[in-house]
Structures are given as structure tokens and as C-alpha cells.
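**Student:** one predicted model, sequence on top.
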Amino acid sequence: MPNAQDPMTNLLPEMAENWQKTLNWQPTEEQQARLQHLYELILEGNRQLNLTRITEPQEFWEKHLWDSLRGIAPRQQLISSLEVGASVIDIGTGAGFPGVPIAIVAPNSTITLVDSTRKKMTFIDKILSELALNNAKTLVGRAEEIGQQQQHRENYDMALIRAVGNASVCAEYTLPLLKKGGLAVIYRGTWTQEETTALQDAVQQLGGEIESIEQFVTPLSNSIRHCLYLRKVTTTPAKFPRAVGIPTQKPL
């Protein structure tokens, strides 16, 4: 078994061709070095914090780095808004995905990384400092509470969430935080037409619309993944998001 402290066993694959072919983009040398450093910091933090079970280099590249950037890279409009300085919020960032890789490749944007676990956020602060990512900051809190705070509500151009639960819950977490015209990007594994029908009603109640649902295949393991893009079209009613715990117990 490779020694986790031996740097030679912890080299990320460069994957320049794969980046280019799948996302029409590839990291600069400096970005590649930062992604590598991020990987090393996550491996180190994992020993205390159980941040991720995905630690093997190729799997980490695909499931954390490629997957994070797949949500934005193919859409030129998103890339353009990040280049000119979009404000982005990453809800439930956990070990820093997708927000930290996006902060690395979009230095003009400002990224707020949200998680309710203070220990994780303290660790992410260390990562941001080590990687000199001055365009990202952490916020300890619950999406239901942050969405009702004046300094955050309807304040972001883009909201990201890697979904583990119900997509309607993800919509209730993200849409209240967006400015009119802003975009929520929900990262999903599987997805069905029935789920689209249920989501449409929830999104409408929250002042949004489903702009697109993209299905794609990951480049190494050929897994099917989805990204849901929700556009904020009108002001979210003041009652959303509902109090902590209610969105998950009673999805819209």
C-alpha cells in the first residue's frame, strides 16, 4: 500500500488532453500546481477529519476536480461571468468542492464557501491560506439561515450545490441567495423525468425556472452524471427558505 506521505505516490495525473477534449479547457501550469497542492492538503487533512473517501489520484481528479469544473466549463456564458468577477456561493462545500477548484481557475470571481461544520471550515481556511486564494472565503452556517440574512439574500450571481438529497431542497437552498438573473448549478448523479416534473413546481414557487438539465459521462469511469441549471427570474417570496430542517422534512 502506498505511503500517504510519499509525494511520488500522490501525484495527480495531468490529463491535459482529457481536460481539452471533455471541457475545451485545460489548466495553466500554475493552476495545475495549485490543484496538486490542494490534493496534498486534502490527503493531509483527511487523516484527522474524514473529508473524503476519494483519495486515489485518478479518482480524485475525476470525482472532485473534473466534476467540479464540469458544472461550469462547457457553458461559455458562465465562464465569461466568472472572468469578469461573478460572486459565487458554494452551499455545503464539505471538503471544498466544487468551490475551491473554481476559485483556483477563476481568480477574478469571489467565492463564498458555506458549511455548517466549523471544523471543516477551519480546515478550508487553512487550504485557502496555503494556496493563497484571496478570492475565496468561508462562512459557517446553514443554508436556511443564510438565505434569510440581508447581506446574503439575493446577493449572488451563481450558487453551487453538490446534491445528495432532493433537488427541490437544493433549489430552496440556492434560489433565495441569487440576484435576479442569477444561476443555480445543482450537481447530481442520476436523474429522471419524474424528478424534473417535481422540480419544476418547486422552482416556480421559488422565483426560478429550469434553464437546462445536462447529462454527461465522466471521462475515466464512464459514470453518468447530471447538472441542473436553474435561472432566477423573479424575487423569491420572503417565506423561503423555510426554517432549518423543514426543507428536508417537507420538500416543496
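**Tutor:** Noted; the coordinates are in hand.
**Student:** and for Gly96, nearest residue in space, chain neighbours not counted?
**Tutor:** Distances taken as CB to CB, 6 or more residues apart in numbering place Ile124 nearest to Gly96, at 5.3 Å, with adjacent residues excluded. From N, CA and C alone the C-beta is placed, and that goes for glycine too.
**Student:** that neighbour: what secondary structure?
**Tutor:** helix (DSSP: H, G, I helix; E, B strand; the rest coil).
**Student:** what of Lys21?
**Tutor:** Judged by three-state DSSP, the three-state class of Lys21 is helix.
**Student:** distance check, the closest residue to Gln20 other than its chain neighbours against Trp19.
**Tutor:** Nearest residue to Gln20, sequence neighbours excluded (CB to CB, 6+ apart): Gln26, at 5.0 Å. Gln26 sits 4 Å away from Trp19, going by CB to CB, to the nearest Å.
**Student:** of the two, who's got more company?
**Tutor:** Taking other CB atoms under 10 Å, Gln26 and Trp19 do not tie; Trp19 has more neighbours (20 against 17).
**Student:** check contacts around the more buried one.
**Tutor:** 25-27, 66 (CB atoms under 8 Å, 6 or more residues apart in numbering).
**Student:** check the offset of the helix or strand Lys180 falls within from the chain's centre.
**Tutor:** Per DSSP states H and E, Lys180 falls inside strand 178-188. Computed by CA atoms, centre = their mean, to the nearest Å, the chain-centroid distance of strand 178-188 equals 11 Å.
**Student:** show me what the next helix-or-strand element following that strand is packed against.
**Tutor:** Under the assignment DSSP H and E, the closest C-terminal helix or strand after strand 178-188 is helix 193-205. Secondary-structure packing of helix 193-205 (3 or more CB pairs under 8 Å, 6 or more residues apart in numbering; DSSP states H and E): helix 167-174, strand 208-217.
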